[in-house]
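Colleague: take this sequence and fold it.
(4 chains)
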Number of protein chains: 2
Amino acid sequence: MLDLDDFLPYRLNVLAKRVSRELARRYEAQFGISIPEWRVMAILGREQPLSSNDIVERSAMDKAKVSRAVTSLVEAGLIARDTHPSDQRLLRLSFTVKGKALYDRIAPLALEWQQRWLNCLDEAELAQFKALSAKLEGQLEQLARDVL
Amino acid sequence: MLDLDDFLPYRLNVLAKRVSRELARRYEAQFGISIPEWRVMAILGREQPLSSNDIVERSAMDKAKVSRAVTSLVEAGLIARDTHPSDQRLLRLSFTVKGKALYDRIAPLALEWQQRWLNCLDEAELAQFKALSAKLEGQLEQLARDVL
DNA sequence: GCATATTCGTTTCATATGAAACGATATCGG
DNA sequence: CCGATATCGTTTCATATGAAACGAATATGC
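Modeller: Numbering: from 1, shown residues only, chains lettered A, B, ... in the order given. The predicted structure is shown next:
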């Protein structure tokens, strides 16, 4: 019989949504920033400058969402948006001083929060969980491709 | 450093969203039913009749979403909605014949799809993954409570 | 070179979402 | 009993979402 509590697609969605809500509450309350905006920041924190499309590829967000997040961040003075010199279709996105400062404040807090969350697992368990998640994601891609 | 690919809240969201999309495509295309609607069906498949509130509790959906899903299902002739005899605030939701027939068609397919997805893990891995997910969910509740 | 196709990012549009207000019913305290 | 409070489900409202249309810029084929 189909028991929803045992149906993994459902369980994963509940878990993911709860994590998101938890994090969103913190980002929003403390820094006035949404999750999509924070994702853009996080990606820029790793590599800079990037085009919107680079961010789409790295973030698993669609381009409309990225476009909106970027616009907000620019309006908030957190990132700078100019056009690529040799290809004017591309944006060149990078932190402003203010944006970098905010990133440097948020990133450790996000990691620390994750740490508090994950400390219910030991090293091995965490590694296991990540490995299994990756497997599931790979298999999912397979199945998706089958249908297309 | 904060690497989004290694940030579990993010990873989980990507995975959960992809699973949802994959499933939604099938439900929608084959049966003309949305995920919230399917969740209501799945819950009724286990226990019947139930009030809307029962479904809210069992589904981790908010009551507005449940209300909409129920309305759609009633309009589609898949479930019956009458009022509880001794408490007129409560609905009494149950399958129609047509609804039960549809449930009996979908449930095996959903399980079979899950099977195909999960067969990339062996018994032990799957058990492990579920156990770890449950741990993470428990810890999340702890953290959420701390803030409140 | 020039017409065609492609890529990039924005915007539009229709739909989904959830918090809060709401009306209806039921319960509780005095 | 009856006024105050709580519960149930719907609806409203403001916002989020993503597919598709779009304009601008570039690449490609002839």
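Colleague: if I look at the residue most central in space within chain A, how far off is DNA strand D?
Modeller: Relative to the mean C-alpha position of chain A, the nearest C-alpha, by C-alpha atoms, centre = their mean, is the one of residue A:39, at 3.9 Å. Shown here: residue A:39 relative to DNA strand D, a distance of 10 Å by C-beta to the nearest atom of the strand, to the nearest Å. For every residue, glycine as well, the C-beta is placed using N, CA and C.
Colleague: contacting residues for that residue?
Modeller: The neighbours of residue A:39, taking C-beta atoms under 8 Å, 6 or more residues apart in numbering or on different chains as the test, are A:59, A:61, A:69, B:4, B:10.
Colleague: where does pLDDT dip in chain A?
Modeller: A:146-148 (pLDDT under 70).
Colleague: so where do the strands sit in it?
Modeller: Assigned strands in chain A, in chain order: A:79-83, A:91-95 (criterion: DSSP state E).
Colleague: which of these is buried the deepest?
Modeller: Here the criterion is mean neighbour count by mean count of other C-beta atoms under 10 Å in any protein chain shown, and of the strands of chain A the winner is strand A:91-95, at a mean of 19.
Colleague: quick one: list the elements packing against that one.
Modeller: helix A:35-46, helix A:52-59, strand A:79-83 (3 or more C-beta pairs under 8 Å, 6 or more residues apart in numbering or on different chains; DSSP states H and E).
Colleague: picking up where we left off before, need the contacts of residue A:39 in TSV with distance to DNA strand C and neighbour count, can you?
Modeller: Written out in TSV, the entries for the contacts of residue A:39 read as follows (distance: C-beta to the nearest atom of the strand, whole Å; neighbours: other C-beta atoms under 10 Å in any protein chain shown):
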residue	distance to DNA strand C	neighbour count
A:59	12	19
A:61	11	21
A:69	9	24
B:4	18	19
B:10	18	25
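Colleague: of the residues you listed, which are in range of DNA strand D?
Modeller: Cross-checking those against DNA strand D (C-beta under 7 Å from any atom of the strand) gives residue A:61 as the overlapping residues.
Colleague: list just the nearest of the contacts of residue A:39 to residue B:45.
Modeller: Compare each of the contacts of residue A:39 with residue B:45 using C-beta to C-beta and the shortest gap goes to residue B:10, at 32.9 Å.
Colleague: that closest one contacts residue B:4, doesn't it?
Modeller: Yes - the pair residue B:10 / residue B:4 is scored as a contact, 5.3 Å apart, by C-beta atoms under 8 Å.
Colleague: joint contacts of those two?
Modeller: With contacts defined as C-beta under 8 Å, 6+ apart, the residues shared by residue B:10 and residue B:4 are A:39, A:42.
Colleague: coming back round to it: looking at the helices and strands packed on strand A:91-95, which is closest to residue A:120?
Modeller: Distance to residue A:120, taken as C-beta to C-beta, is lowest for helix A:35-46 among the helices and strands packed on strand A:91-95, at 22.8 Å.
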